[in-house]
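Student: Provided below for reference: sequence and predicted model.
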Amino acid sequence: MIAKLTDGERSDLLPTLDGWAHEPQRDALTKRFTFDDFVGAFGFMTQVALLAEKADHHPEWSNVYNRVDILLTTHDAGGLSQRDIEMARQIDAVAKG
Ligand SMILES: C[C@H](O)[C@H](O)[C@H]1CNC2=NC(N)=NC(=O)C2=N1
């Protein structure tokens, strides 16, 4: 069973991430990514999808043209876990190319 982050752990870890916000309602991380065009956005989503499948940890996301909004939370933990922190870092690395 994956453990949910404590408030203290979250407070320590959030500032180490690049531009991710904490959504308290879902106890989740959220971030908007914007690309030059739809192809750029969908290519990003394709790469993230492969990482998510490999990690068995999947985002909740939406795409409108060149924008991708991502929400990360751990369903099995009922909130944020270390897996979300790790996935956020991997997603940022993909976005940086
Ligand atoms: C059965 C499968 O391993 C689990 O349902 C995985 C799949 N992907 C997941 N993704 C996320 N975000 N949270 C989970 O708890 C989760 N659990």
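Tutor: Cool, the structure landed. Everything numeric in this text was worked out from a predicted model, so none of it was measured.
Student: burial measure for the spatially closest residue to Gln82 that is not a sequence neighbour, as a count.
Tutor: Leaving aside its sequence neighbours, Gln82 sits nearest to Leu5 (Cβ to Cβ, 6 or more residues apart in numbering; 6.9 Å). (Each C-beta comes from the backbone N, C-alpha and C, glycine too.) Here the count is done by other Cβ atoms under 10 Å, and Leu5 has 21 residues near it.
Student: Please enumerate residues in contact with stretch 61-77?
Tutor: Residues outside stretch 61-77 that contact it (Cβ atoms under 8 Å, 6 or more residues apart in numbering): 1-4, 20, 23, 26-38, 40-42, 44-45, 48, 57, 59-60, 79-81, 83-84, 87-88, 91.
Student: ok, of the residues you listed, which come out buried?
Tutor: 4, 20, 27-31, 33, 35, 41, 44-45, 48, 57, 59, 79-81, 83-84, 87-88, 91 (16 or more other Cβ atoms under 10 Å).
Student: From those residues, pick out the ones that also neighbour the ligand.
Tutor: Filtering the buried ones among the contacts of stretch 61-77 for proximity to the ligand by Cβ under 6 Å from any ligand atom leaves His57.
Student: Which of the buried ones among the contacts of stretch 61-77 fall in helices?
Tutor: Judged by DSSP state H, those include 41, 44-45, 48, 83-84, 87-88, 91 as members of helices.
Student: Using CSV, please lay out these together with distance to Leu71 and pLDDT.
Tutor: Putting those into CSV (distance: Cβ to Cβ, whole Å; pLDDT from 0 to 100) gives the following:
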residue, distance to Leu71, pLDDT
Ala41, 16, 98
Phe44, 15, 98
Met45, 14, 98
Val48, 13, 98
Arg83, 14, 98
Asp84, 10, 98
Met87, 11, 98
Ala88, 11, 98
Ile91, 11, 98
